[in-house]
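Novice: Okay, sequence plus prediction incoming.
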Amino acid sequence: MKNKKNNLGTKVFIFLQYIIIFLSIYLILSSTYYRAFPKSWRGYINNNYQQEINSYSDTLQKINIELKKNNTFESLKNINKIYSDGIAYIWPDQINSITFSDNWILFLAQFLDPILTGLNLQKASTKAFSNFESYKYERALGRGFGICSQNAIGLSDLLNRLGNINSRVVGLGRHVVVEVELKHKTIILDPSFGISIPFSIAYAQNNLDKVKKYYLNTAEPEIFITYNENENVYIPKKGNYVYTNNYKKQKLMRNFEILSDYLSILIPIIFIIIFRKVIINRI
């Protein structure tokens, strides 16, 4: 009787090990796949919001063509418009978190939100992992949607990494844009509306009348008011994590996302190595 129980326990234990191995293989394959082909919600957006946007691959291909040109206002203007045409300026609550198949670590990190709120490390409404804004252009552009901060973060990361273009994300009163330093001028890119402005935020905040005309034909023509200097958060650092005074927290989030993309593949590999040896030894 005792031997039967031992045999049953051994079989259950080996079976669980096989499950872990197969799950690990799935996580490796899915995580690797979504690194190359980011999760896209364009079909969902088209069906539920009746917005047709360009595909990730087409958008990236067109941007790469523009990046090969000289970095002028016109080329950056084209890149901004192409990026804008590849995203929807929305934030659907149903799909704003990272899926398990995309990155299981970021998916499980949603359960950290109540803990972070309880420790007063974030506001209850923030929900950094449930309302996840990606700091990697692949995921931000790949998803096909975003509010102004997500769109600016994604575009800035793309410019910095693919084009080695000195750009930074700047938080306004209730809007977020990208400022780019060119050789002879500084310009503003607003990927949420596909608007490019041929002067700096420092100039814009004292010349709101000149900013106003760029937003007249948008869905939010009054958004130009957010360039008011009293509400600007301007941190003179290059990068896509500096649009609020809590930029250190944002930098931590960016680094966590980068690390989790590595660990989401590395940890399953470690499990496979461990349990494969255990199973072979038992056999």
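Specialist: Structure received.
Novice: Count the residues that sit near the closest residue to A109 other than its chain neighbours.
Specialist: Nearest residue to A109, sequence neighbours excluded (CB to CB, 6 or more residues apart in numbering): F129, at 4.2 Å. Where C-beta positions appear, they are placed from N, C-alpha and C, glycine not excepted. Neighbours of F129 under the rule other CB atoms under 10 Å: 21.
Novice: Phi first, then psi, for F129.
Specialist: In terms of degrees, to the nearest 10, the main-chain angles of F129 are phi -100, psi -30.
Novice: Show the contacting residues for the closest residue to S55 other than its chain neighbours.
Specialist: Spatial nearest neighbour of S55, chain neighbours left out: R42 (6.8 Å); criterion: CB to CB, 6+ apart. The contact partners of R42, taken as CB atoms under 8 Å, 6 or more residues apart in numbering, are 53, 55, 144.
Novice: which SS class is the residue nearest the centre of the chain?
Specialist: The chain has S134 as the residue nearest its centroid, 1.8 Å off, counting by CA atoms, centre = their mean. Three-state call for S134 (DSSP: H, G, I helix; E, B strand; the rest coil): coil.
Novice: From T244, how far off is it?
Specialist: S134 is 16 Å from T244, where distance means CB to CB, to the nearest Å.
Novice: And the residue nearest to S55, how far from L189?
Specialist: R42 is 22 Å from L189, where distance means CB to CB.
Novice: What is the end-to-end distance of stretch 96-105?
Specialist: End-to-end distance for stretch 96-105, by CA to CA, to the nearest Å: 15 Å.
Novice: that older thread, please identify which of the contacts of R42 is nearest to M253.
Specialist: Closest approach to M253 among the contacts of R42 (CB to CB): G144, at 21.1 Å.
Novice: and that closest one, what is it in contact with?
Specialist: Counting by CB under 8 Å, 6+ apart, G144 touches 40-42, 45, 53, 56, 86-88.
Novice: So which of those wins on neighbours?
Specialist: Highest neighbour count within those, by other CB under 10 Å: I87, with 28 neighbours.
Novice: Can you check the pLDDT for M1?
Specialist: Predicted confidence (pLDDT) for M1: 55.
Novice: what's the answer for the one 5 residues further on, then?
Specialist: According to the prediction, N6 has pLDDT 63.
Novice: can you pull out the strands in the protein?
Specialist: Counting by DSSP state E, the segments of the chain that form strands are 167-171, 176-181, 186-190, 195-197.
Novice: now what about the first one, what contacts it?
Specialist: Contacts of strand 167-171 with the rest of the structure, by CB under 8 Å, 6+ apart, involve 149, 152-153, 155-156, 159-160, 176-181, 189, 201, 232-244.
Novice: now, which of those residues lie within helices?
Specialist: Counting by DSSP state H, the contacts of strand 167-171 place 149, 152-153, 155-156, 159-160, 201 in helices.
Novice: How much space separates K68 from A36?
Specialist: 22 Å.
Novice: Oops, could you answer that again for N206 instead?
Specialist: Counting by CB to CB, the gap from N206 to A36 is 45 Å.
Novice: quick one, which of the two is more surrounded?
Specialist: Legend: neighbour count by other CB under 10 Å for N206 and A36, higher for N206 (11 against 7).
Novice: next one: phi and psi at the more buried one?
Specialist: As for N206, its main-chain torsions (degrees, to the nearest 10) stand at phi -110, psi 0.
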